[in-house]
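Participant: Quick one, what's the 3D model for this:
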Amino acid sequence: SAQIIKEYKEKRFKYFYSNEHTGLGEARSKAYKHIKGEIIAILDTDDIWYPSKLEDQVIEFKNKDVGIVISNTYFFKENKKKILYNLEPSQGFVTNELIYKYYVSLETLLMRKNFVDRLNENFDKNYDLIADFDLVVRLSSISKLVYVPKVLSGWRIHGGNDTFKKPVKFIEEKENWIKKMKRNKEFFYNFIEPINKLKINLNRHKIIINLIDGKRKESYKILFNNKNQKLLDYLIFIFSLFPFSSNLLKAIYLRKLKNGL
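Facilitator: The predicted structure is shown next:
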C-alpha cells in the first residue's frame, strides 16, 4: 500500500503506518484521528473503486440531512461477479432496517464527518468485524441514508474474508453490540423491536452452528431458553434429528453466510 501511494507523488495523499498490529476497529479509530476532510470513504486493500465513484456519490451530500451515501457494488471472485442490490435498498432514516438486516457494503460507503463527530465515538476499537456496522447504525439514527443506483465499486470474495472465516466471532460481536446499546437507554428503547429481531436471528445462527458441530444439547438450551424464537428454529432443530442432516445444514449455512448475518 505504501509503495502504491508513493507512486502517485500527490501532496494531498498522506500515508500513516501503525507501529503495532491492531484489530480493524482500532485501526480505523486510529486512522480517524488523521482525517481533515468533510467526507469519509474507506477502501480496504482487497476491494476496488470504479473511476466515477466519488463524484457520483459526493453530490448527494448537497442535502444537509444526508450523512450516509452508498451505491451498488459487485461481489466478485476471479472471473465471476454478482451484483449486490437487485432491488433498491431502503433510504432515508433507516436505522430499523440496518439493525435487523444490515445491507451496507463498506467499499460503497461515504459518510459526512460532522455527523460522525456528533456521536459519542467514531469507530469502536473493541470490534474487529462489526466496527462499520456499529458506526453506520448509530450514524443512521441522526442522519439520512441515500442510495446511488450505480455499480461504483467491487468487494472481493475469497477464503480470507473474516466474515466467512469467523462466523462465531461475528455473532459474539453483535451480541456484545446489543449489550452496548442497552447501556444507551434512549437508543435501545427507540429501536427495541429491530434489536429483538436481531437477537432472534443471532440465536438462530448459534443453533445451526451448534447442530453442525454435533452439539445438539447446546442448541436445545438456546432454543428453549429464548421463548421468542420462531417456528423455523424449532423446525431446524427437528430436522437435525434425521441422519446426514448436519452435512446439509452446513452446506446451506455456508451459502447463507455469503449474504452476511
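
Participant: which secondary element of the protein has the worst mean pLDDT?
Facilitator: Sorted by mean pLDDT, DSSP states H and E, the helices and strands of the chain end with helix 162-165, the least confident at a mean of 54.

Participant: Okay, helices next: where are they in the stretch 1-150 of the chain?
Facilitator: Along the stretch 1-150 of the chain, counting by DSSP state H, counting those that start in this stretch, helices occupy 2-7, 24-32, 53-58, 95-100, 113-116, 131-140.

Participant: Now the third one: average pLDDT?
Facilitator: This means helix 53-58. For helix 53-58, the mean pLDDT works out to 97.

Participant: ok so, going back, dump whatever helix or strand comes next after the least confident helix or strand of the chain to CSV, restricted to CA.
Facilitator: Secondary structure here is assigned by DSSP states H and E; on that basis, the next helix or strand after helix 162-165 toward the C-terminus is helix 167-183. Extracted C-alpha coordinates of helix 167-183, given in CSV (Å, rounded to 0.1, in the frame of the first residue of the first chain):
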residue,chain,number,x,y,z
PRO,A,167,-19.0,-16.6,11.9
VAL,A,168,-18.9,-17.3,15.7
LYS,A,169,-16.9,-14.2,16.4
PHE,A,170,-19.2,-12.2,14.2
ILE,A,171,-22.2,-13.4,16.3
GLU,A,172,-20.3,-12.7,19.5
GLU,A,173,-19.5,-9.1,18.5
LYS,A,174,-23.1,-8.4,17.5
GLU,A,175,-24.3,-9.8,20.9
ASN,A,176,-21.8,-7.5,22.5
TRP,A,177,-23.2,-4.7,20.5
ILE,A,178,-26.7,-5.4,21.8
LYS,A,179,-25.3,-5.1,25.4
LYS,A,180,-23.6,-1.9,24.4
MET,A,181,-26.8,-0.4,23.1
LYS,A,182,-28.6,-1.4,26.3
ARG,A,183,-26.3,1.0,28.1
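
Participant: quick one, helix 167-183 and helix 24-32 angle?
Facilitator: Interaxial angle, helix 167-183 versus helix 24-32 (axes from the mean of the first three to the mean of the last three CA atoms, to 10 degrees): 60 degrees.

Participant: In whatever helix or strand comes next after helix 167-183, which residues are buried?
Facilitator: On the C-terminal side of helix 167-183, the nearest following helix or strand under DSSP H and E is helix 185-190. In terms of neighbour count (16 or more other CB atoms under 10 Å), helix 185-190 has its buried residues at residue 187. Just so you know, the C-beta spots here come from the backbone N, C-alpha and C atoms, and that holds for glycine as well.
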